[in-house]
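Engineer: below are the sequence and a predicted model for it; my questions follow.
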Amino acid sequence: MGEQSAADRPLSGIRVLDFTRVVAGPLATRILADQGAEVIKVEPPEGDMTRTFPPLREGGITPYFAHQNAGKRFCSVDLAADGATDLLLRLVAECDVLVENYRPGVMARFGLGPDELCARFPKLVYCSITGFGQDGPWAGRRAYAPIGHLESGFLAYDRQKLGRTSEQPAMVLGDVSAAVAAASSINAMLVKATRTGRGGPLDVSMIESMVYLMEWVSTELAGGAQGTNAGAADECPILHLPDGRIWGIAGNPVAWFDHLIIAMDRPDLAADPRFADPLDREENKDSLVELLLEWASTFDNFDDFRLRLETSSPFTTAELRTITELADSEFAQHRDLFQNIGDGLTVPARSASGSGIGTDGYLAARGADNESVLSDVLGIQEAEYANLVKAGVMTAA
């Protein structure tokens, strides 16, 4: 992030009480922490389960946990302990935002639900993240990202377009979409709270966030796309070269056929009956892609291929790159895309580049910041803290 004063950070002065775990909530609050908010992560005695995701490391700082939680302060509270709710209400009074991703009703059982807290603290932005929302016929269902992928139409659309057996993606897209929706909406609510003095509840549903981000939803509801589309991702071929290299093309060879044959220097293909009109090209798309592959195979290096393709057509292209290869690239180095936070751990530095945006990389064991947070925020002294520990309210690894 570089040297930045607190005033340079967009959310400097904003304090967030974070009751979230796993991905959707922690990533949302990680974004807020990157933007300068003070995020206090409140874990139960058993800790966030991602502290146990392999590879395991001392202190529960796994790479997975680090990615979602860098830059926060770490407290651990047993919500079921006598006095826990009273302590947390004191913390809420000093916070601008509360974020939780328990099932509907869980926080209310501890006297920390959105209705109670928004009535008591009118300026508070209270964000709840669930699979299906806080009310309605599906509200009580358990929801993990694979369920979101199934219920949102994402996997069905993927199957329909690619003609393959439905399989879950390697990444939890449902959780990530909910995280981005939550972070952006929290920022909007903070603007409202500053302008009007009133925050309020924010109900983030994984299904709603996925539907919003799937760009072909409205087209499907209007009857589906007719014909080819140059911008559809599934229409863009992946070229598996004979020597093992994998290059991808952005652009549909059927829709941009006229440009493609110019780039390939194959004007004769315009007279090929297989490619006489768009319907013929669509029917013979495999043959067209095979010709594209044969042409790509004549290039000894990728840069020559990319230059030729982009100079002569609206297509663009890229090599298949692993995450590790990206981290080693000149692009990643120039953008400071990743941050080494010690002990062999590297995390993405930020979600966007801007003044004062980026992680400081701080991580700690469960409950490591218990005493300092209570002292800094509530002025609690050593003796009172010791009593909270004795009562089982505050716990630590």
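Structural biologist: Happy to help now that I have it. Numbers count the residues shown, from 1 in each chain.

Engineer: tell me which residues form a beta bridge with residue 130?
Structural biologist: residue 205 (DSSP bridges).

Engineer: residue contacts, it?
Structural biologist: For residue 130, the contact set (C-beta atoms under 8 Å, 6 or more residues apart in numbering) comprises 101, 103-104, 139, 143, 203-206. C-beta: built from backbone N, CA, C; applies to glycine.

Engineer: do the same with residue 153
Structural biologist: Contacts of residue 153 by C-beta under 8 Å, 6+ apart are 211, 214, 217, 220.

Engineer: closest to residue 366 among the residues you listed?
Structural biologist: Using C-beta to C-beta, residue 211 is the member of the contacts of residue 153 that sits closest to residue 366, with 35.0 Å.

Engineer: tally of neighbours for the closest one?
Structural biologist: Residue 211 has 16 neighbouring residues, counting by other C-beta atoms under 10 Å.

Engineer: which element is it on?
Structural biologist: Following DSSP states H and E, the helix or strand that holds residue 211 is helix 206-213.

Engineer: next SSE after that helix?
Structural biologist: helix 217-221.

Engineer: following that next one in sequence, what is the next regular element?
Structural biologist: Assigned by DSSP H and E, the successor of helix 217-221 is strand 238-240.

Engineer: which strands border that following strand, and is each parallel or antiparallel?
Structural biologist: Using DSSP bridges, the strands paired with strand 238-240 are strand 246-250 (antiparallel).

Engineer: quick one: mean pLDDT over the strand it pairs with.
Structural biologist: Throughout strand 246-250, pLDDT has a mean value of 97.

Engineer: next one: it to chain centre, how far?
Structural biologist: Distance of strand 246-250 from the chain centroid (C-alpha atoms, centre = their mean, to the nearest Å) equals 25 Å.

Engineer: what does the helix or strand just after it contact?
Structural biologist: On the C-terminal side of strand 246-250, the nearest following helix or strand under DSSP H and E is helix 257-263. Helix 257-263 is contacted from outside by 253, 267, 269-270, 275, 278, 281, 288, 292, 308-309, 311-315, using C-beta under 8 Å, 6+ apart.

Engineer: take those and keep only those in helices.
Structural biologist: Within those, residues falling in helices by DSSP state H are 278, 281, 288, 292, 308-309, 311-312.

Engineer: quick one: which of those residues is nearest residue 366?
Structural biologist: Once C-beta to C-beta is applied, the member of those that ends up nearest residue 366 is residue 309, at 51.5 Å.

Engineer: thought that closest one was touching residue 302?
Structural biologist: No. Applying C-beta atoms under 8 Å, one finds residue 309 not in contact with residue 302, separated by 10.3 Å.

Engineer: between the two, which has more neighbouring residues?
Structural biologist: Set residue 309 next to residue 302 and count neighbours by other C-beta under 10 Å: residue 309 wins out with 25 against 15.

Engineer: and the pLDDT for that one?
Structural biologist: The model reports residue 309 with a pLDDT of 96.

Engineer: what do you get for residue 320?
Structural biologist: For residue 320, the pLDDT comes out at 97.

Engineer: please look at it and residue 244 and confirm they touch.
Structural biologist: No. Between residue 320 and residue 244 there is no contact under C-beta under 8 Å: 10.3 Å.
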